[in-house]
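In: generate coordinates for the sequence data below:
(chains A and B)
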2 protein chains.
Amino acid sequence: MIFIDACFGKKTPYTPVWIMRQAGRYLDEYKKVREKAGDFLNLCHTPKLAAEVSLQPVDIIGVDAAIMFSDILVIPNEMGMKLNFIKGKGPVFEKPIKNEEDLKNLKSNWEAANKLTYVYETIKIVRNKLDKDKALIGFSGAPWTLATYMIEGQGTKTYAISKKMIYSNPKLVHKILTKITEVVKLYLENQIKAGVNAIQIFDSWANAIEPSKYNEFSWKYIADIASYIKKKYPHIPIIIFPKGINGFLDKVYGDFDVFGVDWGTPMETAKEKLGDKYVLQGNMEPCRLYSKKATEEGIKSIIKVMKNERHIFNLGHGILPDVPVENAKYFVSLCKKLTRKN
Amino acid sequence: MIFIDACFGKKTPYTPVWIMRQAGRYLDEYKKVREKAGDFLNLCHTPKLAAEVSLQPVDIIGVDAAIMFSDILVIPNEMGMKLNFIKGKGPVFEKPIKNEEDLKNLKSNWEAANKLTYVYETIKIVRNKLDKDKALIGFSGAPWTLATYMIEGQGTKTYAISKKMIYSNPKLVHKILTKITEVVKLYLENQIKAGVNAIQIFDSWANAIEPSKYNEFSWKYIADIASYIKKKYPHIPIIIFPKGINGFLDKVYGDFDVFGVDWGTPMETAKEKLGDKYVLQGNMEPCRLYSKKATEEGIKSIIKVMKNERHIFNLGHGILPDVPVENAKYFVSLCKKLTRKN
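Out: Sure thing, here's the model as predicted:
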């Protein structure tokens, strides 16, 4: 698979490309399935439908990898936290973690990981239907990103509740992170057993932690997960995408293969600091997809830096719901065209 | 004034300190005045009350500078855009800028700047009541930050409307930015004439623009404003606070005095890249104020880097509304105590 080869830094006929949130609302076909499923969580819970939307972007816009359709919050949900998706508000946990007692009540290890059968079932269907030369990516939220949702109970602008806990009860935060980490390891392991060819860990809220505390409360748990997976499954590339840590890229370490660069990080900087150690993925500013001219300009400037080597094309964050499908197709085909080696 | 001396990099008996959003909801005294004023905009529009809340943090927590109480959105409001503060939603403009026609309808230059009389009146009252050795800071939003509000019509997570305009109609964005820039120059000039001793330009949404476009759509306008003010009023220090540009600090330039460092930027990095050219302000993580121990640790780690030189203490973003006043006092007094030269 071109995508897997590229993850390991091998030469490929062109630079492979996929798009974060590629199975999403910019596709009419997605919206139809979503409507059929009723609510968002039901779509995640129904393997046949989740598989259908996972496959759509491969067929429609021609990306080199599918990513299993799911949500990062299925983990806390199966650990025992009741989750609702509320219109206009997003995901809300009925009972956020406030103390050790709340944490103790949550399921751990295999007990939680084995409840996520609908995810593994989705993977089996997708892998079965997907072209052999296309990769299937599995994923998980990073422990810190999951923990903030579990502590705050919902999305937040300030992360004040989780951070108050970091500064006033760091031990409890570490207990929460440790418990999540153990589940994430087994969850990703189960995904691999079910058939994914690569995994990505999203630390969407990486930039909520101050630089001097980031390793302690987030990265070291990610590195631990990567090391666990890498030892057991060295053939599975690991991609890590921490959003907003561009101020301290030199602190990145660990046994993984691809570093996902967000659009706020100059690609030159990422290459300079991490390009020797890791393949880089990214990082076109998602809003460029509103304009074909801006898309072309964005692709070319990334190619100028990466020179078609040790690189996977992607946006630097998820695709926006009002991007024209035609422009998404244009992005994918132009990335391939401009990087194709003769 | 110690604060002004520090802005110009002169030796001071201790490192001065103030707090962004120091006139705010963590103070009971503020909440009382806010209640009296009715709504938020009315508080901005009533010089006597705005002056009262501007002075409170100097008296209560002992900061070295007052900042005039106002809101960055009074500018677009006086340019002719009707503004409402809606509970739970924040500021909303009734009619966002969609095209050249919308822009043409807005007031410009002195016509807009001279309408902000309530701000200048507030300044006069505060300067009159403030101790002679305490500084009064005036401020404005940066053109880009103001423009996004004016284009989006309200707060946004993705800035998708403004950025769609950047990539599909950059000329219109530049026309909007130019018009705002001219008003900001005169607004700040009027603030100086009314009595402020320093000015700060907030680019709160700096990190909404990708690094390669940041200068074109934001920084060059800020630098233009700084240069205009610096030429006419060289004795007034200029502080610039762009939130979230830590990935490309080496691109910062211009004729100003103090660079405001956000908490996401390691102070070491800021010092290394900008410390020779500019005095640095900041940058304690605001959530550290939830804990006295974390506050002390934060102050000490900043002192370790800055070594009591070319530095002004502040948080790296606004103080949060649920921080105990006692902890804010502790922060201010400890900054002074630990930096005092014998």
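
In: so who does the residue lying closest to A:Asn215 once chain neighbours are set aside touch?
Out: The shortest distance from A:Asn215 to any residue other than its chain neighbours is 6.4 Å, reached at A:Lys251 (C-beta to C-beta, 6 or more residues apart in numbering or on different chains). Any C-beta I mention is one placed from the backbone N, CA and C, and that applies to glycine too. Listed by C-beta atoms under 8 Å, 6 or more residues apart in numbering or on different chains, the contact set of A:Lys251 reads A:211, A:214-215, A:219, A:245.

In: please repeat the previous calculation with a cut-off of 10 Å.
Out: Contact analysis of A:Lys251 by C-beta atoms under 10 Å, 6 or more residues apart in numbering or on different chains lists A:211-212, A:214-215, A:219, A:245, A:273, B:266.

In: next one, pLDDT for it please.
Out: Note on A:Lys251: pLDDT of 93.

In: again with A:Gly88
Out: Note for A:Gly88: predicted pLDDT of 79.

In: try A:Tyr290
Out: pLDDT, A:Tyr290: 97.

In: burial count for it?
Out: 21 (other C-beta atoms under 10 Å in any protein chain shown).

In: and the furthest pair within the contacts of A:Lys251?
Out: Greatest spatial distance among the contacts of A:Lys251 (C-beta to C-beta): A:Ser212 and A:Lys273, at 17.9 Å.

In: now, among the contacts of A:Lys251, which is nearest to A:Phe331?
Out: Closest to A:Phe331, out of all of those and judged by C-beta to C-beta, is A:Ile245, at 25.0 Å.

In: wait, what's in contact with the closest one?
Out: The contact partners of A:Ile245, taken as C-beta under 10 Å, 6+ apart, are A:203, A:206-207, A:209, A:211, A:214, A:218-219, A:251-252, A:262, A:264-265, B:246-247, B:264.

In: mind listing which of the contacts of A:Lys251 are in helices?
Out: Judged by DSSP state H, the subset of the contacts of A:Lys251 located in helices is A:211-212, A:214, A:273.

In: who wins on neighbours among those?
Out: For the ones in helices among the contacts of A:Lys251, the largest neighbour count, defined by other C-beta under 10 Å, is 24 neighbours, found at A:Tyr214.

In: ok, that one touching A:Leu249?
Out: No: between A:Tyr214 and A:Leu249 there is no contact under C-beta atoms under 10 Å: 11.3 Å.

In: surely A:Asp255 is in a helix?
Out: No: going by DSSP: H, G, I helix; E, B strand; the rest coil, the assignment for A:Asp255 is coil, not a helix.

In: is it correct that it is in contact with A:Tyr228?
Out: Yes: with contact defined as C-beta under 10 Å, A:Asp255 and A:Tyr228 form a contacting pair (9.5 Å).

In: so for the two, which residue has more residues nearby?
Out: Set A:Asp255 next to A:Tyr228 and count neighbours by other C-beta under 10 Å: A:Tyr228 wins out with 18 against 14.

In: can you tell me the SS state at the more buried one?
Out: Assignment for A:Tyr228 (three-state DSSP): helix.

In: so for chain A, the centremost residue is which one?
Out: For chain A, the residue sitting closest to the mean C-alpha position, by C-alpha atoms, centre = their mean, is A:Phe202 at 3.9 Å.

In: list the contacts for it?
Out: By C-beta under 10 Å, 6+ apart, the contact list for A:Phe202 reads A:20, A:72, A:139-142, A:145-146, A:239-243, A:260, A:318.

In: check those residues against chain B, which are close?
Out: Restricting the contacts of A:Phe202 to those touching chain B (C-beta under 10 Å from any C-beta of the partner chain) yields A:Gly318.

In: just the buried members of the contacts of A:Phe202?
Out: The neighbour-count test (16 or more other C-beta atoms under 10 Å in any protein chain shown) marks A:20, A:72, A:139-142, A:145-146, A:239-243, A:260 as buried among these.

In: A:Gly138 falls within a helix, correct?
Out: No: under three-state DSSP, A:Gly138 falls outside any helix and is assigned strand.

In: let me know how buried it is, in neighbour terms.
Out: 25.

In: that one and A:Ile123, how far apart?
Out: From A:Gly138 over to A:Ile123 the distance is 7 Å, taken as C-beta to C-beta, to the nearest Å.

In: thanks a lot, catch you later.
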